[in-house]
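K.L.:
Here is my input, please return the structure:
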Amino acid sequence: MSKCSNISLDLLIFIDFLLSILLSQDLNIDEINVLGNFLTQIGANLLAKAAQQQNLQSKEELKNQIADMEQQLEKLKKDLC
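P.N.:
Coordinates of the predicted model:
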């Protein structure tokens, strides 16, 4: 996916525009609505997955910070005694 992050926003919008025209070219209104809803659901699922992964990553980083602080606290306790 790192290759996609190098694509400019304008190019992504242009590709999106072309794909929507190509995919809907021979479809009737109902079929376009079904396809649009399907693609929207895929996008929603991807966003939900990314949010969950970000949440798990944040929890892991917080656990690491707590462990580091506990180690620092123990070191300070030893230094005081």
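K.L.:
For the spatially most central residue of the chain, give me phi and psi.
P.N.:
Nearest to the geometric centre of the chain sits residue 50, at 3.4 Å (CA atoms, centre = their mean). Here is the backbone geometry of residue 50 (degrees, to the nearest 10): phi -60, psi -40.
K.L.:
Can you name the helix or strand that residue 36 falls in?
P.N.:
helix 29-80 (DSSP states H and E).
K.L.:
How far does that helix sit from its chain's centre?
P.N.:
Distance of helix 29-80 from its chain centroid, counting by CA atoms, centre = their mean, to the nearest Å, is 9 Å.
K.L.:
average pLDDT across it?
P.N.:
Across helix 29-80, the average pLDDT comes to 96.
K.L.:
try stretch 15-22
P.N.:
On average, stretch 15-22 scores 96.
K.L.:
Residue 48: how many residues sit nearby?
P.N.:
10 (other CB atoms under 10 Å). In this view, the C-beta of every residue, glycine as well, is placed from N, C-alpha and C.
K.L.:
quick one: it from residue 23, how far?
P.N.:
Going from residue 48 to residue 23 by CB to CB, to the nearest Å gives 23 Å.
K.L.:
do residue 45 as well
P.N.:
With CB to CB as the criterion, residue 45 and residue 23 are 19 Å apart.
K.L.:
So for these two, which sits in the more crowded spot?
P.N.:
Set side by side, residue 45 and residue 23 show more neighbours around residue 23, with 14 against 10, by other CB under 10 Å.
K.L.:
Okay, and that one sits in which element?
P.N.:
Per DSSP H and E: helix 9-24 holds residue 23.
K.L.:
That helix vs helix 29-80, what angle?
P.N.:
In terms of direction (axes from the mean of the first three to the mean of the last three CA atoms, to 10 degrees), helix 9-24 departs from helix 29-80 by 140 degrees.
K.L.:
what does helix 9-24 contact?
P.N.:
Applying CB atoms under 8 Å, 6 or more residues apart in numbering, the external contacts of helix 9-24 come out as 31-32, 35.
K.L.:
Many thanks, have a good one.
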